[in-house]
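# here you go, sequence then predicted model.
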Amino acid sequence: MKRLRLALDAAQCQDRARSTELEWLETDGRGGYACGTVSGVPTRRYHGLLLTALHPPHQRAMLVNHLDESVEVNGKRFVLSTGTVAVDHEDGHARCLEFQARPCPRWRYRVGDVEIVRSVLCPRGRGAVVMRWELGAGAREAVRLRLRPMLTGRRDHAVFEAGDLRDHDSKRVEGGVSWQPRPDFPRVHAGGRFGYRHAPTWRHGVTYAIDEERGESCREDWWSPGELSFELASDTPALLTLSVDPASDGGRLFDEELARRRTRDAAVPARDHPLFDELAVTAESYIVEMGAGTALLAGVPWFDVWTRDAFTALPGLLVATGRLDTAAAVIGLFSGLVEGGMLPNNLPDAVTEPRWSSVDASLWFIVSVGRYLERASPRPPLVPATWRAIRDIVDGYTRGTAHVSIRVDDDGLVSAHSEDAPLTWMDAQYEGEIFTPRRGKPVEVQALWVKALAVAATLARRQGDQERAARWEALRERAVTSFRARFWNASGGYLYDVVDGPDGDDATLRPSQLFALSLDRALVPDAWAGRALAVIHRELLTPLGLRTLPVSDPRFQPAYRGPRAARDPAYHQGTVWPFLLGPFLSAWLRVHGDSPAVRAQALGFLGGIERHVTSEGCLGHISEIFDGLAPQAPRGCFAQAWSLGELLFGLGELLAAPRAGGDQATGDRSS
């Protein structure tokens, strides 16, 4: 397996500004995580060591924000941590020789004549983080490590103030010590072989620079209950486990998780392409297990499980990477959630109510089922609950859904209207204003509908339901005929974005038409596809994804920054979305033919993404969005599931062996 190098050298680590721009992430498989900057300076209120899902995968809570770290070598004290804005004298980054993101975040420091390696790891399936410090080879001196944990107790989007503290005490427990700053948040357990001195103190006015720029809550107070001390020797690493459960053996947890990751990496099918192989490993970060089953996080740090995101990302995250059992489990979980002819936007449970305002999520579900069944070998039987869900969705759309106004018109196309909520993936909304309403018949919804009908009809024949199969095939043919008659914008040489809207047909040049070019070849004639892709290539493609508007459009906004009132109007008005690279790559194969030269050309479009994965944002991950103009700063969630998933799917198609004369040779991503 070829992998990218996710590492920084000494010059980069010791450049405080540079190492503060770069982030790392560890997820726990339950909705919780640990994350931060390489330098250690927290720039977001989401940066911390122990963030746990109170009701997995929902309701994340910040419990441990930071560790002040120092070591004593031959009677001299050295600081390993790097300070916040409030404590600039902490300069541990200046002693860092190297940082590596794989197999877990790992820093190597030099203090005097001694090298110290610090590692951070979240064991999968545990609400915990394990940290390890070990001396480098050849170390002779004994080293004392001193740690002062900085705690809060709050929801992930909130901030903590000194007046929020309710309990100043510590509790000695077997194997460690515990604290509970607020009774409505879990107790934090610290486990390990350490001495503990209870000496509470505060760090007031910690400022998060990115949140400040975004106009969000950005200042808080950290409470530190006391100091932990360890003796480090050449054969005795220090291990600290921070968890919401009584602390377990940190050494065992650490070693078992590293061994599990080695086994996982060996099991992921390699494509002998560094970007694909790296992202195939990263894909596990978005898989969450909970009592209800298995699902996919939409992104970190602030998204949990969203249906549209899950099924847009599933074919790449799970099918293209060979995680077929996990794909089946996710499909199975959502199969039971169809109501009134559609799936909810989100994953409901005892603490989360369902929301019903997505026209495309249910269709993405059917398309993903088709892609899963196509790849699974031997082909598994269609689970009754999934077949029932597909029938209910197709029939529900045909007659009209119960929750919002989604229905199939006489022309066979899907119409979607709502005055209160945006129904497509362009869903920015602030204080009641919907910035891209797209009411009517959006182009990508028709592409998903036509593809969903093809999948459904094929499955109906396999189930022996010939009457349904024939009815759905006829409906698909009517939809294709109507699409060709209505969506071609001859004067522009591309597809309308929406037809039959309140103000007529919308000729705005947008990238959503890529799904019509890539999902099902029958939808757009080859000559039209070639002209449309040429326009998209010229006007919307950037090194990091597709713009949502061309620069020439008077509504184009070049950057996504500032407070929410400024950001949300820019979300889909020029902002670049990397997930659209997946359908762009497939459309490129369709239009230009499947040859080694064309595939090599298509791979050339990914240089910017490879640079981003290795040297921008969160190492190993792909951000949600980027600014529309250079230098295209990463914005939004620093780790987004569908950014990774759609790229993996499209890249997987490029790296697959060509199928002469088959769907693959035309770029048709159909099942």
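That came through fine.

# what's the domain layout of the chain?
10-262, 268-666 (automatic domain parsing).

# now do the strands in the stretch 51-200 of the chain.
Applying DSSP state E, counting those that start in this stretch to the stretch 51-200 of the chain gives strands spanning 58-73, 76-79, 96-100, 106-111, 114-121, 128-135, 143-155, 171-173, 176-179, 188-191, 195-207.

# for the shortest one, name the packing helices and strands.
What it means is strand 171-173. Secondary-structure packing of strand 171-173 (3 or more CB pairs under 8 Å, 6 or more residues apart in numbering; DSSP states H and E): strand 176-179. No exception for glycine: its C-beta is placed from N, CA and C like everyone else's.

# let's see the strand it packs on as CSV, backbone CA atoms only.
C-alpha atoms of strand 176-179 as CSV (Å, rounded to 0.1, in the frame of the first residue of the first chain):
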residue,chain,number,x,y,z
GLY,A,176,-5.9,7.3,39.4
VAL,A,177,-8.0,10.3,40.3
SER,A,178,-11.2,11.9,39.0
TRP,A,179,-12.9,15.3,38.8
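
# gap between residue 194 and residue 167?
When distance is defined by CB to CB, to the nearest Å, residue 194 is 21 Å away from residue 167.

# could you list the low-pLDDT ranges of this protein?
Along the chain, segments meeting pLDDT under 70 span 84-89, 247, 659-671.

# what about stretch 518-527, start to end distance?
Its first and final residues considered, stretch 518-527 spans 14 Å by CA to CA, to the nearest Å.

# buried ones in it?
Within stretch 518-527, the residues that count as buried by 16 or more other CB atoms under 10 Å are 518-524.

# just stretch 495-510 next, same as before
Buried positions in stretch 495-510, judged by neighbour count with 16+ other CB under 10 Å: 495-501, 506, 508-510.

# hmm, back to that, which of residue 194 and residue 167 has more neighbours?
Per other CB atoms under 10 Å, whichever of residue 194 and residue 167 has more neighbours is residue 194, with 19 against 15.

# which ones are touching that one?
Residues in contact with residue 194 (CB atoms under 8 Å, 6 or more residues apart in numbering) are 147, 176, 228-230, 238, 240.

# and residue 425, by the same measure?
308, 360, 444, 512.

# so which of the residues you listed are in helices?
Residues of the contacts of residue 425 located in helices (DSSP state H): 308, 444.

# show me which of the contacts of residue 425 is closest to residue 155.
Residue 155 lies nearest to residue 308 out of those, by CB to CB, at 23.9 Å.

# how far off centre is stretch 525-533?
32 Å (CA atoms, centre = their mean, to the nearest Å).

# on that earlier part again, closest one to residue 6 among the strands of the stretch 51-200 of the chain?
Nearest to residue 6, of these and by CB to CB, is strand 96-100 at 6.8 Å.

# what is the closest one packed up against?
For strand 96-100, the elements it packs on are strand 7-8, helix 10-14, strand 106-111, judged by 3+ CB pairs under 8 Å, 6+ apart.

# using CSV, lay out these together with distance to residue 438.
CSV is the format used below for those (distance: least, CB to CB, whole Å):
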stretch, distance to residue 438
strand 7-8, 42
helix 10-14, 43
strand 106-111, 45
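
# for the spatially closest residue to residue 185 that is not a sequence neighbour, what are its contacts?
Distance criterion CB to CB, 6 or more residues apart in numbering; nearest residue to residue 185, sequence neighbours excluded, is residue 153 at 3.8 Å. Contacts for residue 153 were tallied using CB under 8 Å, 6+ apart; they are 61-63, 160, 164, 180-182, 184-185.

# give the contact list for residue 514.
Applying CB under 8 Å, 6+ apart to residue 514 gives the contacts 444, 536, 546, 580, 583-584, 587.

# quick check, it in a strand?
No. Counting by DSSP: H, G, I helix; E, B strand; the rest coil, residue 514 is not part of a strand but helix.

# ok, now how distant is it from residue 651?
Taking CB to CB, one finds residue 514 at 15 Å from residue 651.

# what of residue 215?
36 Å.

# equivalent analysis for residue 426, please.
Noted for residue 426: a distance of 24 Å to residue 651, by CB to CB.

# related to what we said a few turns ago, residue 215 and residue 651: who's more crowded?
residue 651 (25 against 14).

# wait, is the more buried one part of a strand?
No. Residue 651 is assigned helix when assessed by three-state DSSP, not a strand.

# ok, for it, nearest residue in space, not its chain neighbours?
residue 276 (5.1 Å).

# next one: the helix or strand harbouring the one you found to chain centre, how far?
Assessed by DSSP states H and E, residue 276 sits inside helix 274-282. Put simply, helix 274-282 sits 14 Å off its chain's centre (CA atoms, centre = their mean).
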